[in-house]
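In: following is a predicted model, sequence given first.
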Amino acid sequence: MTVDLAFWVFGLGAVTTGWRVFRTASMVRATFLLLASFLNVGAIILLLGGAYLGVALLFMMTVEMAVMAIFMVAFMMNPAGLNPMTMVHQPRLAAAAGWVAFVAGAVMAGRGNFPERPLPGGRPVIADLGAELMGRSMLIFETAGVALVATMIGAVVLSSRRSRFGDEAGDEGSLPPALDPDTGSYPPGVIPEGVGSGHDHHGGHG
């Protein structure tokens, strides 16, 4: 009973957060909503007995989504990926394709004749699967892990407002893009000195 309840909770969480990915107007929020959906799917895999695949999904998706969010904050012209923007292109076609995929998956899950080949209880299936997937590629995975960590650190450093020339040099000659192009309002944060007074001055002349 507890496992069934947990399955429905995680399933509802995965569907809800996956739906919210396409309803939010922020790339960063969409990234973390997608991460939440993957984490719920990983929990479902763990409930179904797939310990290795569940844990691998939890770790891989957490790192991947974190790197994606950091790069968005570091390099997107949209400040921190938080300004409103359209997340869905061709919405009717996307919705139709999503419903077709959902119905097809539901029919396969409910009506499919899946083979049943239980393994002996004492067999180390997790160790066998890990050796099969990464036995010959362990060095590659370790190298990729180090590269990802270095990439995350570098992206954080590049996104910092402090430059090697001092605290104020990072703002010199730059203006944050406006949240609202009509009113010219700036996003929350430190605005370079003189920007506000300059706009007020022009407003007075108008």
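Out: On my side now, so go ahead. Residues are numbered from 1 along each chain as shown.

In: any weak-confidence spans in this protein?
Out: 74-88, 159-206 (pLDDT under 70).

In: ok, which stretches of it are helices?
Out: 2-21, 27-47, 51-75, 91-111, 125-134, 138-159, 195-205 (DSSP state H).

In: ok and the fourth one relative to helix 2-21, angle-wise?
Out: Per axes from the mean of the first three to the mean of the last three C-alpha atoms, to 10 degrees, the angle that helix 91-111 makes with helix 2-21 is 160 degrees.

In: okay, the helices of the chain in CSV with distance to P118 and mean neighbour count next?
Out: Using the backbone N, CA and C atoms, a C-beta is placed for each residue, glycine as well. Listed next are the helices of the chain as CSV, based on distance: least, C-beta to C-beta, whole Å; neighbours: other C-beta atoms under 10 Å:
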stretch, distance to P118, mean neighbour count
helix 2-21, 18, 14
helix 27-47, 18, 19
helix 51-75, 16, 16
helix 91-111, 20, 10
helix 125-134, 11, 13
helix 138-159, 29, 12
helix 195-205, 69, 10
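
In: which of those helices sits closest to R117?
Out: Ranking the helices of the chain by their distance to R117 (criterion: C-beta to C-beta) puts helix 125-134 first, at 11.9 Å.

In: on contacts alone, who are the packing partners of that closest one?
Out: Identification of packing neighbours for helix 125-134 by 3 or more C-beta pairs under 8 Å, 6 or more residues apart in numbering; DSSP states H and E yields helix 51-75.

In: which residues does the helix it packs on contact?
Out: Residues outside helix 51-75 that contact it (C-beta atoms under 8 Å, 6 or more residues apart in numbering): 27-28, 31-32, 34-35, 38-39, 41-46, 80-81, 125-126, 129-130, 148, 151-152, 155-156, 158-159.
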